[in-house]
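# next come a sequence and a model predicted from it.
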Amino acid sequence: RARRTCREMLNARGYEVQDSHAELELKQFKDTFKDEGQAGMFLLGMKTDESKEKIVVFFCEDEKLKTDGVKRCAANMITYQTKRAIIVVDGPVTPAAGKEIAEMDKLVIEVFLLAELLVNITKHRYVPKHSVLTAKEKKTLLKKYNLKETQLPRMNKLDPVSRFYGLTHGQVVKIYRASETAGTYITYRIVFE
C-alpha cells in the first residue's frame, strides 16, 4: 500500500513514475523482491514539464534511519542523477541522521514513516482538494487582490498535506472547500517553515 501511495504522491507532484512492477499481484511482487529485500524496491520519477527534474524513492529496510543509510541514499542519488529523494523508513530517524539530512547542500531528502504512507491522505473525505500554484499564478494572485505574501493565511511546511505535495517555503496552495451556501469556497495558503 505504501508503494501505491508513493506513486500517487509523485503523480500529484507532477512526476511521471517509471514502475514496471506497479501491476504485479502481491505474491508476484514478493517473489520478485524476496532476495533483494526493501533495498531493491525503489521508484524513479521524472517531471513531465521542461525541467525534467528527477526524484527517487528508497524503501529503507533498517529499523531506524541512521547516517550510513542517509549516505547510501546520497550515493544512489548521484547514480540516478537526481537532487531530490524520499526515504520511506519503518522506524524513527536518529538525531545524527536528521542532522546529516539537514546539512546537505545540494541534495533534498524527505523522510516518511511507512505508517504515514499506508493511506493517501488527500483522498480522505475530510481533506479538501489542494492545488499548488506556479510562481506566475502566485504573482497574479497577489497582484489581483493587492496583497503581500505576509497577508496570506499560512500553512506549516510540516503539515501532512504540505509534506505530501513536497511544498517548500513561499509556495502557495489553492484549497477548494465544499460550502452549503456558496457551493465551493476557495481559499489560499502560503507555506512557511
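That came in fine, so what should we check first?

# ranking helices and strands of this protein by mean pLDDT, which lands last?
helix 26-33 (a mean of 62; mean pLDDT, DSSP states H and E).

# tell me the first helix or strand C-terminal of that one.
Next along the chain after helix 26-33, taking DSSP states H and E as the criterion, comes strand 42-47.

# adjacent strands (with direction) for that next one?
strand 15-18 (antiparallel), strand 54-59 (antiparallel) (DSSP bridges).

# any chance of the ones you listed in JSON lines, with distance to residue 182 and mean pLDDT too?
Any C-beta I mention is one placed from the backbone N, CA and C, and that applies to glycine too. Shown next, in JSON lines, are those (distance: least, CB to CB, whole Å; pLDDT from 0 to 100):
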{"stretch": "strand 15-18", "distance to residue 182": "33", "mean pLDDT": "83"}
{"stretch": "strand 54-59", "distance to residue 182": "37", "mean pLDDT": "88"}
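
# can you name every helix or strand that the longest helix anywhere in the chain contacts?
If you go by DSSP state H, the chain has its longest helix at helix 67-79. If you count contacts as 3 or more CB pairs under 8 Å, 6 or more residues apart in numbering; DSSP states H and E, helix 67-79 packs onto strand 54-59, strand 84-89, helix 95-102, strand 108-113.

# can I get that helix as PDB, trimmed to CA atoms?
In PDB, the C-alpha atoms belonging to helix 67-79 read as follows (Å, rounded to 0.1, in the frame of the first residue of the first chain):
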ATOM      1  CA  THR A  67      23.700   8.200   9.000                       C
ATOM      2  CA  ASP A  68      25.000   5.200   6.900                       C
ATOM      3  CA  GLY A  69      21.500   4.800   5.400                       C
ATOM      4  CA  VAL A  70      21.500   8.500   4.500                       C
ATOM      5  CA  LYS A  71      24.900   8.300   2.900                       C
ATOM      6  CA  ARG A  72      23.800   5.200   0.900                       C
ATOM      7  CA  CYS A  73      20.800   7.200  -0.300                       C
ATOM      8  CA  ALA A  74      23.000  10.200  -1.200                       C
ATOM      9  CA  ALA A  75      25.300   7.900  -3.200                       C
ATOM     10  CA  ASN A  76      22.400   6.300  -5.000                       C
ATOM     11  CA  MET A  77      21.000   9.800  -5.800                       C
ATOM     12  CA  ILE A  78      24.300  10.600  -7.600                       C
ATOM     13  CA  THR A  79      24.000   7.200  -9.500                       C
END
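
# in the helix or strand containing residue 141, which residues are buried?
In the assignment (DSSP H and E), residue 141 maps to helix 135-144. For helix 135-144, a neighbour-count test (16 or more other CB atoms under 10 Å) marks 138, 141, 142 as buried.

# could you dump those residues to CSV with pLDDT and distance to residue 105?
CSV is the format used below for these (pLDDT from 0 to 100; distance: CB to CB, whole Å):
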residue, pLDDT, distance to residue 105
138, 96, 26
141, 95, 32
142, 95, 30
